[in-house]
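>>> I need the structure of the sequence given here:
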Amino acid sequence: MFPTVREVLALDPVRHGGPRVVAGTAGLDRLVRWVHAAEVPDIAALLSGGELVLTTGIGLPGDDAGLRAFIGELADVGVSGLLVELGRRYPAAVPRAMVAAAEHRNLPLVELCRVTPFVRITEAVHGLIVDAQLTELRATEEIHQRFTELSVEGAEPAEVVRQAAELAGCPVVLENLSRQVLAYDPAGESAELLLRGWEQHSRRIRPTGRTGYDPDAGWLYTTVGARGQDWGRLLLRWPTGELPAAATGGPPTRLTILIERAASTLALGRLIRRDAEGLERQIHRTLLTALLDHTRPVDEVALRARALGVPLDRRHLVGVVVRYRADEAGAAGPAGGGPAGQARLRDLAEAVSQALRDAELSGLASSLDDQAVGAVLALRDAGDEDRALTAFATALDRVRLDAAPTTVRPYGAPGGVIVAAGSGVGTVREARRSLIEARQVADAARRGRRDLPVFRLPQVGLAGLLHLLRDEPRLQTFVERELGPLLTHDAEHPREQLLGTLRGYLDSGRNKSAAAAAAHLSRPAYYERLARIGRILRVDLDSVDDCLSLHVALLALDAVRDG
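Next comes the predicted model:
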């Protein structure tokens, strides 16, 4: 950055001259681009603005009108200031006409009360300028190196914004075309103050091109996009101190280079990830993950969600999890097992997001893991919970049918999706509990045989309840106590597999003839197997109580193995 007039006056060669500011103190923060010594009245024609003019006054007009014209011409061309050495033309002070004219035009006018070699002032100021230019060059090189590394690493938008704020030392905000905040870094300032009323504030920044600076708002901005497809805007606040933007001369060139390189990195990253998921969906996933894993403070999650257009504060929050049924997931392989599974999960995530929009619901939605898509609905009234969940399930069913009417089946048909909801909560801090409950209910519903638009905890049935308790040591002890000897027998005699015989017998309602036919065995052979099971487990398979206990143990075994 170029030095200001104020900084020039603090240099030793200038201080040696006893500088005294007699007019234009409001312009002391103007930048000095160069120093020019002149002793002719028509010097303005040779200047281009930003110069600090040095003179002894010997060539200046002798009348007040000429002096006023001289000052006016310098102000018109945009010089930074005028230093007049006393003693040759003006013994004690510059003429009052010059002072009045300079004050009227806010042009700094400085008297040097002692004789001062102008060459020393020129050398000192030009040394500052060269040092500033070298510093700017080094900073520019660091900017290019840093963002090249980020591009190669495929850094996330939040990391690109963080690095930009670190290099600039200023707050940086990335927004989409709807003026919603996608990422930000306050650079040590208050995030709450930075993002408060962001959309309205952003719309007051008047763009004059792809990259520009609004001095009234104090924001440097550039458009983010590539190949003619703009999708956002990157903004950097300058200045951050108490000085008005006009006084600083606007942001330095390195900040313009920085923000444009950061925007290019963001655009490149978007192109690389265009086949994966939208940037908004990435931010949604980051926030949902933060809620589940406590990777960010709850207040920060709420702040970022509000900036994204999804207010969570003072809302009734409901966790929702959507996943494919076990048979459909099994047919396609694990959702995260390959590109096809990942694409299938992305399609489900997009369907959930579209369903939220169609149902006119506000919320965060993204994939949670390799099998499930999660959402946190933000409702204004707790009384709207049932209506909102029904509307969401209906919209999701319609979206999936519209997307692939020949292959996608509704939730009520085999192979559809499961929509599970947790208990509604009143704070962002409790949203994690609702989301975890929804995920558990979704997992449990896969084990059941019911088809419902939305599964809640009371509706998962016995198999679902056991699935929720699958990590409970007492349940696992119960399974071992009831079935352990039979499992050990099957492990030692792999060709018999009596556990399957027991399962078929219980599933048939203890109808031995039906169970034998289903197993393709003669009744005597099947009866002999049942007798062996009874001896191994020391139970009476004709006892309702014993069979009930064994049936529960089998369901619990399935839940433990599934977990």
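>>> spatially central residue for the chain, please.
The chain has residue 183 as the residue nearest its centroid, 3.9 Å off, counting by Cα atoms, centre = their mean.
>>> look up phi and psi at it.
The phi and psi torsions at residue 183 (degrees, to the nearest 10) take the values phi -160, psi 160.
>>> and what of residue 187?
Backbone phi and psi, for residue 187 under degrees, to the nearest 10, turn out to be phi 60, psi 40.
>>> pull the contacting residues for the residue nearest to it when sequence neighbours are not counted.
Nearest-residue entry for residue 187: residue 165, 4.4 Å, with adjacent residues in sequence omitted and distances by Cβ to Cβ, 6 or more residues apart in numbering. Where you see a C-beta, it was placed from the backbone N, CA and C, and this is true even at glycine. Applying Cβ atoms under 8 Å, 6 or more residues apart in numbering, we find residue 165 in contact with 171, 172, 185, 186, 187.
>>> so residue 165 sits in a helix?
Yes: under DSSP: H, G, I helix; E, B strand; the rest coil, residue 165 falls within a helix.
>>> what separation is there between it and residue 452?
48 Å (Cβ to Cβ, to the nearest Å).
>>> same question for residue 233.
As for residue 233, its distance to residue 452 is 44 Å (criterion: Cβ to Cβ).
>>> between these two, which has more neighbouring residues?
When residue 233 and residue 452 are compared on other Cβ atoms under 10 Å, the one with more neighbours turns out to be residue 233, at 23 against 16.
>>> what sits against that one?
Applying Cβ under 8 Å, 6+ apart, we find residue 233 in contact with 174, 175, 177, 202, 221, 222, 223, 224.
>>> hmm, which of the residues you listed are the buried ones?
When burial is judged by neighbour count using 16 or more other Cβ atoms under 10 Å, the buried members of those are 174, 175, 202, 221, 222, 223, 224.
>>> now do the contacts for residue 530.
Under the criterion of Cβ under 8 Å, 6+ apart, the contact list for residue 530 reads 501, 505, 512, 541.
>>> alpha carbons of the strand or helix carrying it, as PDB, please.
For residue 530, the host element (DSSP states H and E) is helix 523-537. What follows is helix 523-537 as a C-alpha-only set of coordinates in PDB (Å, rounded to 0.1, in the frame of the first residue of the first chain):
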ATOM      1  CA  ARG A 523     -42.900 -85.200   9.400                       C
ATOM      2  CA  PRO A 524     -41.000 -87.900  11.300                       C
ATOM      3  CA  ALA A 525     -37.700 -86.400  10.300                       C
ATOM      4  CA  TYR A 526     -38.900 -82.900  11.200                       C
ATOM      5  CA  TYR A 527     -40.400 -84.100  14.500                       C
ATOM      6  CA  GLU A 528     -37.000 -85.700  15.400                       C
ATOM      7  CA  ARG A 529     -35.300 -82.400  14.700                       C
ATOM      8  CA  LEU A 530     -37.700 -80.600  17.000                       C
ATOM      9  CA  ALA A 531     -37.000 -83.200  19.700                       C
ATOM     10  CA  ARG A 532     -33.300 -82.600  19.400                       C
ATOM     11  CA  ILE A 533     -33.800 -78.900  19.700                       C
ATOM     12  CA  GLY A 534     -35.900 -79.400  22.800                       C
ATOM     13  CA  ARG A 535     -33.100 -81.500  24.400                       C
ATOM     14  CA  ILE A 536     -30.300 -79.100  23.500                       C
ATOM     15  CA  LEU A 537     -32.200 -76.100  24.800                       C
END
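>>> can you list contacts of the following helix or strand past that helix?
Next along the chain after helix 523-537, taking DSSP H and E as the criterion, comes helix 544-562. Identification of contacts with helix 544-562 by Cβ under 8 Å, 6+ apart yields 443, 447, 462-463, 466-467, 469-470, 475-476, 478-479, 482-483, 502-503, 506, 510, 537, 539-541.
>>> please save the CA atoms from helix 544-562 in PDB.
Output in PDB follows, covering the C-alpha atoms of helix 544-562 (Å, rounded to 0.1, in the frame of the first residue of the first chain):
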ATOM      1  CA  VAL A 544     -46.600 -71.500  24.700                       C
ATOM      2  CA  ASP A 545     -44.400 -69.700  27.200                       C
ATOM      3  CA  ASP A 546     -41.200 -71.400  26.100                       C
ATOM      4  CA  CYS A 547     -42.000 -70.800  22.500                       C
ATOM      5  CA  LEU A 548     -42.800 -67.100  23.100                       C
ATOM      6  CA  SER A 549     -39.500 -66.700  24.900                       C
ATOM      7  CA  LEU A 550     -37.600 -68.400  22.100                       C
ATOM      8  CA  HIS A 551     -39.400 -66.300  19.500                       C
ATOM      9  CA  VAL A 552     -38.400 -63.100  21.200                       C
ATOM     10  CA  ALA A 553     -34.800 -64.400  21.500                       C
ATOM     11  CA  LEU A 554     -34.700 -65.100  17.700                       C
ATOM     12  CA  LEU A 555     -35.900 -61.500  17.000                       C
ATOM     13  CA  ALA A 556     -33.300 -60.200  19.400                       C
ATOM     14  CA  LEU A 557     -30.600 -62.300  17.700                       C
ATOM     15  CA  ASP A 558     -31.600 -60.800  14.300                       C
ATOM     16  CA  ALA A 559     -31.400 -57.300  15.800                       C
ATOM     17  CA  VAL A 560     -28.000 -58.000  17.300                       C
ATOM     18  CA  ARG A 561     -26.600 -59.500  14.100                       C
ATOM     19  CA  ASP A 562     -28.000 -56.700  12.000                       C
END
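>>> relative to helix 523-537, how tilted is that helix?
With axes from the mean of the first three to the mean of the last three Cα atoms, to 10 degrees as the basis, helix 544-562 and helix 523-537 are set at 80 degrees to each other.
>>> buried residues in helix 544-562?
Residues 546-547, 550-560 are the ones in helix 544-562 that count as buried (16+ other Cβ under 10 Å).
>>> just these now: which is nearest residue 433?
Lowest distance from residue 433 to the buried residues of helix 544-562 (Cβ to Cβ) belongs to residue 559, with 21.3 Å.
>>> do you know the pLDDT at the closest one?
Model confidence at residue 559, given as pLDDT, is 77.
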